[in-house]
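S.K.: All I have is the shape, not the residue letters:
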């Protein structure tokens, strides 16, 4: 199940734009791992398996290229989270409901990932 979401790195990061900052991972477990990797990156380049998501003029999304190594400086791990959005297959692309996330992933007090339905 492909996962679509936007990441927020805490108070040092803006909330971003859903259409410009949407990312995708092949599974929910991969998205959880990406959240943990970014929180622990310490400003070093990391490849967490994220892919860019491109939207066409009709709002249909396609999964683009892998982002590769990205630097995430000054991440506030306690305030970091990943909002997940509902998506359904639409031909060669995806229709993503960007109005409101379906779930939020954040780090728990012992380093695990908590998923909250919103």
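M.R.: Okay, I see it. Everything quoted here is computed from the prediction, not taken from an experiment.
S.K.: helix or strand for residue 54, which one?
M.R.: strand 51-55 (DSSP states H and E).
S.K.: buried set for that strand?
M.R.: The neighbour-count check on strand 51-55 (16 or more other CB atoms under 10 Å) flags 51, 53, 55 as buried. Backbone N, C-alpha and C define where each C-beta goes, glycine included.
S.K.: After the longest helix along the chain, which helix or strand is next? Please name it.
M.R.: Using DSSP state H to define each element, the chain has its longest helix at helix 28-39. Sequence-wise, the next helix or strand downstream of helix 28-39 (DSSP H and E) is strand 45-46.
S.K.: what about the helices in this protein?
M.R.: With DSSP H as the criterion, the chain has helices at 18-21, 28-39.
S.K.: Going by contacts, tell me the helices and strands next to the last one.
M.R.: Applying 3 or more CB pairs under 8 Å, 6 or more residues apart in numbering; DSSP states H and E, one finds that helix 28-39 contacts strand 3-8, strand 81-85, strand 103-107, strand 113-117.
S.K.: Of those strands, which is nearest residue 65?
M.R.: Shortest distance between residue 65 and those, using CB to CB, is found for strand 3-8: 15.5 Å.
S.K.: Residues contacting that closest one, please?
M.R.: Contacts with strand 3-8, where a contact means CB atoms under 8 Å, 6 or more residues apart in numbering, come from 15-16, 18, 21-28, 30-31, 34-35, 38, 53, 61, 79-85, 87, 94, 96, 101, 105.
S.K.: What pairs with that strand, parallel or antiparallel?
M.R.: Note on strand 3-8: by DSSP bridges, its sheet partners are strand 23-25 (antiparallel), strand 81-85 (antiparallel).
S.K.: any idea of the mean pLDDT in the last one?
M.R.: The reference is to strand 81-85. Averaging pLDDT along strand 81-85 yields 97.
S.K.: That one vs helix 28-39, what angle?
M.R.: Orientation check (axes from the mean of the first three to the mean of the last three CA atoms, to 10 degrees): strand 81-85 against helix 28-39 gives 150 degrees.
S.K.: what about strand 81-85, distance to the chain center?
M.R.: With CA atoms, centre = their mean, to the nearest Å as the basis, strand 81-85 stands 6 Å off its chain's centre.
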